[in-house]
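> using only what follows, build the 3D model:
(chains A, B and C, ligands or ions: 1)
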Amino acid sequence: MRLSGKGLIDRTKPVSFRFDGNVFQGFEGDTVASALMANEVKLVARSFKYHRPRGVMGAGSEEANALLTVGRGAAQDPNVRATMQEIFDGLETRSQNRWPSLHWDMLSVNDLAAPFLGAGFYYKTFMWPKAFWEKIYEPIIRRSAGLGALSGAHNPDRYEKAFAFCDLLVIGAGPAGLMAALTAARAGADVILAEEDRLMGGRLNGETEEVGGMAGADWAAGVVAELEAMPNVRLMTRTTVTGAYDQGTYGALERVAHHLGDRGGRPLECFWRIVAKRAILCAGAIERPVAFQNNDRPGIMTASAVRTYLNRYGVAPGRRVTVFGNNDGVHQTARDLIAAGVHVAAVIDNRRDATDSNDYPVYRGAEVCNSSGRKGLESVTFRSLSGEDKVETDCLAVSGGWNPSVHLTCHMNGRPVWNEAIQSFVPVDGMIPGMTTAGACQGTFSTHGALSEGAAQAIVALDTLGISAKVTDIPKAEDAPYEVAPLWAVGGKGRAWLDFQNDVTVKDVKQAASENFASVEHMKRYTTQGMSPDQGKNSNVAALAVLADATGRGIPETGTTTFRPPYVPVSIASLGAGAQGAGFAPQRFTTSHNVSVDRGAPMIEAGLWYRPSFFPARGEKTWRQSCDREVNMVRNAVGVCDVSTLGKIDIQGPDAGAFLDFVYTNMFSTLKVGRTRYGLMLREDGTVMDDGTTARLGEQRYVMTTTTAAAGPVLRHLEFVHQCLCPQMDVQMISVTEQWAQFAVAGPKARDLLNDLVDDDLADENWPFMACGPIKVLGVGGRLFRISFSGERAYEIAVPARFGESLFGELNRRAEALGGGLYGMEALNVLRIEKGFITHAEIHGRVTAFDIGMERMVSAKKDCVGKTMSERPGLSGADREQLVGLKPVGPVKQLTAGAHLFEVGAAAVRENEQGYTTSVGYSPTMESYLGLAFLRNGRGRHGEEVVMVDHLRDVTARCVVCDPVFFDPEGGRVRG
Amino acid sequence: MRITCPICGERDRREFYYVGDAVALSRPDPDDGDIAWDDYVHNRDNPAGVTRDLWYHEGGCGAWLVVTRNTVTHEVLQTELASDAKEAMA
Amino acid sequence: MAEMNAKSPCDGLLPIAAGDVHLSEIPMTLMTSISPFKGQTAALSEALKAAHGMALPAPNRATGRDGARVVWIGREQVMLIGPEPAASLEAHGALTDQSDAWAVVRLYGEGAEDVLARLVPVDLRAAVFKRGHTVRTMLQHMSVSITRVGDSAFQIMAFRSMAKTLVHEVETAMKGVAARDAS
Ligand SMILES: [Zn+2]
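Okay, the predicted model is just below:
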């Protein structure tokens, strides 16, 4: 019921929204919870396990009952707290966890089966037979569990992340936070003030109390206005600080556009990483419910929530309200209700010495012990010294006291301590380095106390930063002592709810204790208490108190409650903002990319790079046709391929040669200027790390090439070797991968193609195999390397990247004129398999130089990385799986990569495994499938037959073992 | 987590590449024997407390760092350039 | 006779604008990375000053102006941007032509800091990151060099092959900031 003349809502701006298909009206400034309450909608949700009818129980982010699904279709957002969702025109919300409807829900039969569904039900019921778990139990549990659901479709919303830095982060903008921020800001510090609510002010917006002689909300608004005008302050509303991390890093979720119908290009959420030199937690406190029979009926809510709805939203949560609790807050609630013209049916205070009132009936030393009503509260039963009594009421405001919001202080493994006076856990100093606490989250519940502590903590924090802050006048405010009597669970039969979200009752906790799950950590896991989206904010302390009672221990002896990040649920999309789809990693494009795509080449990912798979020609229907043609083209005429993706590292300095001698197994200091050499690099444990050619461009200058995949790791390794192992060496290195567009020109006509493109005579006397040097390409300074990855006469020609596209086009035109053309990764792969050249398919991290037949490349004349360990017994010898070639000889002519090798006649089982295939391809040159494989004692078994078995693709082929160099083993073609 | 690079200043952990124990600086001589090499390449302590690790400021200046930190409290106690640490060992 | 046509890294991608923030490509020029040899740092700095009027900048600093800059780009590495490096430098350090290796863009306008705050985990606010300050860091997942070249203008360098991703990332952040500022 809406009350006239009250609240911080804008009554000139009506808003209509939908809940479960029905249209409701509210005002700007309303949440879904307040607007539904104004429309007297009480039943808003069904509980998790028993599908009990539930209503709104709070007014903040800790809400445990009123979870809704917002939106529809791909972007629908489940488990949104109705207390946090601001309404806007066109907002669509739905209740969850019910079928077919909220009012008539099939699975509410679970409630009748409750005796069987108590604590440990899953553990006891689904134990056996074991085979039933995966196929029967788990699907059933999964179907019936859960609250809201995701759409299952790709989320079209945009999320953002951001970084911020400050001297002082103030978490929470209640009286303590506002005062802390104001004190620090006036001293000139860089301040971020983060507040989860739309409005700053905290409890002041929900109370009638005055601060500094004016309404608390007005005082808060005045402070916000002052802060807003200061350039050294960043005010962040709708922003929840979700976690405290190492070295002053805080995570914060900003809900940027959840409250907007038209987002106008804004991201939905932004996840902030805030780095703060100091922080003050002013997170306030959360009022706790009291457990009694049927305490979960719609219409039962916390007393502070009732005051918030009254004072901030101008909504009466009921027409006849009863208030129940153990502290003076219940009387404030009754006074606020009466001031708003709402009838107070009774105030039930469990303290025998509670103050009496002339305005409403007070039952002292009494406890509410049951409630009744169909889908909403109709009456409560209470018990006092004079016996049981019943009162007709449609709303019960409950206060079991307050739990300081210590959550963030626990995020780095700190433990809060029990404070008997306030019956709560409070933080201790130093739980988070650089963070202090002020106000209610510290257990200081008076407004005056909060204001003073906020200011004082700001001064202390700034002092440690060398900024002196002046003591600000503390405005006059309420300073009543907080008097509270223990009140956790009212005795009696029936189910009394502790964790509303996970449907955990007092009985469940007692049962856990009686079954010896008496440690708090065991109890939580056994009952699932505290494991729901609210993460026990409403129930942890009460559950601990019940457990303490059941086990006959005190609360501090029973344990502490601890909290981990995040403070509120955080969408994965916001944590990973910017990394959806292709944003997951940068895309790297070669200079020939557009030309390749124009030629219809399917692009494949090679690390972050995109490379052409093959270039389909007219009439070709399969990739194999294209690949075969491209291979033949290179073998018979000339082919052109972009090899810019290979890593290129410029290495210079007087010790460049010595450095290369140390990182490569073979010698480079002896390499002549103008020559290139193949090099093998080991890890320190003796396995092969990478291979490639390195060219000597000058006395003190080399350019190393790495494989595409290992470019980053190799540079990192080289820097490691230089900085960590031999910093005395005078050598410098830098990647030049991006500087050069480099193309392989391979085939018998390669020289013909290049001859009049470059300014030099490419006669073999000048440019023999493995020669390298500077050259002019159509007038542009470039480099030429006579190296080959195909076994044909081949050159790699490099020009500055700006000319890459131009040169690629020119090379293609010339190749085509000579009967050749472009070739892609598929043909490149077949060409190198034909020659037995290895890639990372072979040097996959477990093979040694011996395994690939290159042990003679490990120079005896010098030390190098990996040399000592490569000499260990077991890393060479007949037992090793060694690189071999395979050719099919049986009826099945196909080979597959990753298949296993067995002796002829042996069962194809693990115990008999002799080796495995690493690379295969169809060779049009040899007119056969060819494979590279590792086979135990392979070099001693050339000519022997083995069986290749691919269990995954169901291929079995008989093969003959041979040398891995299938084509031109003498190497005559590469020399011309 | 934040690490202070001696060259770049205090930076977010995402800019760094973690490698492992700074024992990697103490490469044995080739003839120091199996035990020394086994310890160097394979054997690592896993202390609850202070460790000396190598980190690479890959997303920054490219320096290798020796970072002394506490695995229990997550405090970063000291950072120095690995090249300085290595040269100091000579 | 065929000709070699030059194409800049951000060809066809820039300029763009959103709200008050602009992103444009800085025309390609000579870029030479310079790393001092052992014990040559001071001599290199002298040679740089003599030849190009700019001393070797300290880490995280850049000297010079549009057309002739020396930008610190890493441990024992600076980038000479603009001039042809003098031969006198070669005795003191390793010189490497990097003119084609980087996509170099200029992000400018009110709100440029807010755009970078969505991409870069370093404090680039004017009070901390002043004109002449430079940083090697990450922009989303890319390694970049960022230099403040004006009150609200930054030079951003990323690998040439990643130019498209660079523009996409910055543009996305620009749009997000512009949408908020519009409110
Ligand atoms: Zn660094």
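
> C-alpha from now on. contacts and neighbour counts both.
OK.

> show me which residues of chain C are close to chain B?
Residues of chain C lying near chain B by CA under 8 Å from any CA of the partner chain: C:59, C:60, C:73, C:74, C:75, C:121, C:122, C:135, C:136, C:137, C:138, C:143.

> filter these down to the buried ones and hand me the PyMOL line.
Listed next is the PyMOL selection for buried residues among these, using 16 or more other CA atoms under 10 Å in any protein chain shown:
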select buried, chain C and resi 59+60+73+74+75+121+122+135+136+137+138+143
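
> now the two most distant members of the residues of chain C next to chain B.
Farthest pair in the residues of chain C next to chain B (CA to CA) is C:75 and C:121. Separation: 19.4 Å.

> residues near residue 25, how many?
You didn't pick a chain, so chain A it is. Residues lying near residue A:25 (other CA atoms under 10 Å in any protein chain shown) number 17.

> chain C is the one I meant
Based on other CA under 10 Å, the number of other residues close to residue C:25 is 21.

> in chain C, where's the longest helix?
Using DSSP state H to define each element, chain C has its longest helix at helix C:163-181.

> how much space between residue A:815 and chain C?
Remark: distance between residue A:815 and chain C (CA to the nearest CA, to the nearest Å) = 14 Å.

> ok but that residue is inside a helix, no?
Yes: applying DSSP: H, G, I helix; E, B strand; the rest coil, one finds residue A:815 inside a helix.

> so which residue is dead centre in chain B?
residue B:54 (2.0 Å; CA atoms, centre = their mean).

> tell me the strands beside the helix or strand encompassing that one, with direction?
If you go by DSSP states H and E, residue B:54 is part of strand B:50-56. Each strand paired with strand B:50-56, and its direction, by DSSP bridges: strand B:17-21 (antiparallel), strand B:64-70 (antiparallel).

> residues contacting the residue found closest to residue A:892 once you drop the neighbours it is linked to in the chain?
Closest residue to residue A:892 apart from its sequence neighbours, by CA to CA, 6 or more residues apart in numbering or on different chains: residue A:957 at 5.2 Å. By CA atoms under 8 Å, 6 or more residues apart in numbering or on different chains, residue A:957 lies in contact with A:888, A:889, A:890, A:891, A:892, A:893, A:894, A:895, A:947, A:948, A:949.

> mean confidence (pLDDT) on the one helix or strand residue A:391 maps to, please.
Using DSSP H and E, residue A:391 sits in strand A:387-392. For strand A:387-392, mean pLDDT is 96.

> give the buried residues for that strand.
Buried residues in strand A:387-392 (16+ other CA under 10 Å): A:391, A:392.

> quick check: which element contains residue 79?
Just going to use chain A. Residue-wise, residue A:79 maps onto strand A:77-81 under DSSP H and E.

> nope, chain B
Per DSSP H and E: strand B:76-81 holds residue B:79.

> got it, and residue C:130?
Counting by DSSP H and E, residue C:130 is part of no helix or strand.

> also residue A:831?
Per DSSP H and E: helix A:825-834 holds residue A:831.

> give me the next element, helix or strand, following that helix.
helix A:867-870.

> so what are the sheet partners of the next helix or strand after that next one and their directions?
For helix A:867-870, the following helix or strand on the C-terminal side (DSSP H and E) is strand A:881-888. According to DSSP bridges, strand A:881-888 has the following sheet partners: strand A:928-936 (antiparallel), strand A:955-962 (antiparallel).

> tell me where the stretch 601-750 of chain A has helices.
With helices called from DSSP state H, counting those that start in this stretch, the stretch 601-750 of chain A shows them at A:623-636, A:656-663, A:711-720, A:750-755.

> for chain C, same thing?
C:41-52, C:112-117, C:163-181.

> for residue A:975, see how far away the residue of chain A most remote from its centre is.
Centroid-distance maximum for chain A: residue A:765 at 59.4 Å, with CA atoms, centre = their mean. Distance, residue A:765 to residue A:975, using CA to CA, to the nearest Å: 11 Å.

> same check on residue A:472?
Applying CA to CA to residue A:472 and residue A:975 gives a distance of 87 Å.

> ok, now residue A:327?
95 Å.

> looking at these two, which is more packed in?
Set residue A:327 next to residue A:975 and count neighbours by other CA under 10 Å: residue A:327 wins out with 22 against 16.

> list the residues that contact the more buried one.
Counted by CA under 8 Å, 6+ apart, residue A:327 has contacts A:349, A:351, A:399, A:400, A:401, A:482, A:483, A:484, A:485.

> likewise for residue A:894?
Residue A:894 touches A:888, A:929, A:955, A:957, counting by CA under 8 Å, 6+ apart.

> try 7 Å
By CA atoms under 7 Å, 6 or more residues apart in numbering or on different chains, the contact list for residue A:894 reads A:888, A:929, A:957.

> isn't residue A:172 up against residue A:280?
No: Residue A:172 lies out of contact with residue A:280 (CA atoms under 7 Å); the separation is 8.8 Å.

> the two: who's more crowded?
With neighbours defined as other CA under 10 Å, residue A:172 and residue A:280 compare such that residue A:172 has more, 28 against 24.

> residues from the stretch 201-350 of chain A in reach of chain C?
Counting by CA under 7 Å from any CA of the partner chain, the stretch 201-350 of chain A comes close to chain C at A:264, A:265, A:266, A:267.

> biggest separation within those residues, which pair?
Going by CA to CA, the pair spanning these furthest: A:264 and A:267, at 8.9 Å.

> pick out whichever of these two has more residues nearby.
residue A:267 (24 against 14).

> now the farthest one out in chain B, which residue is it?
Largest centre distance within chain B, by CA atoms, centre = their mean: residue B:31, 24.8 Å.

> next one: it from residue A:877, what distance?
Relative to residue A:877, and taking CA to CA, residue B:31 is found at 22 Å.

> cool, and residue A:734?
In this view, residue A:734 and residue A:877 are 38 Å apart by CA to CA.

> tell me which of those two has more neighbours.
Just comparing residue A:734 and residue A:877: by other CA under 10 Å the higher neighbour count belongs to residue A:734, 21 against 13.

> list the contacts for the more buried one?
Residue A:734 touches A:649, A:650, A:651, counting by CA under 7 Å, 6+ apart.

> name the nearest residue to the residue of chain B found nearest chain C, sequence neighbours excluded.
Residue nearest to chain C within chain B: residue B:61 (4.0 Å; CA to the nearest CA). Distances taken as CA to CA, 6+ apart put residue C:74 closest to residue B:61, at 4.0 Å, once the chain neighbours are dropped.

> that neighbour pairs with what?
With DSSP bridges as the criterion, residue C:74 is bridged to residue C:77.

> that one contacts residue B:62, doesn't it?
Yes: if you go by CA under 7 Å, residue C:74 and residue B:62 touch, sitting 6.2 Å apart.

> tell me where chain C has strands.
C:16-18, C:21-25, C:30-36, C:62-65, C:68-74, C:77-82, C:93-97, C:102-108, C:134-139, C:142-150, C:153-159 (DSSP state E).

> follow-up on the earlier one: in the contacts of residue A:327, find the pair that's most separated.
The widest separation within the contacts of residue A:327 (CA to CA) is 14.6 Å, between A:349 and A:482.

> show me what counts as buried in stretch A:552-572.
Neighbour-count burial for stretch A:552-572 [16+ other CA under 10 Å]: A:555-556, A:558-568, A:570.

> straight-line length of that stretch, end to end?
Span of stretch A:552-572 from end to end, CA to CA: 42 Å.

> chain center to that stretch, what's the gap?
22 Å (CA atoms, centre = their mean, to the nearest Å).
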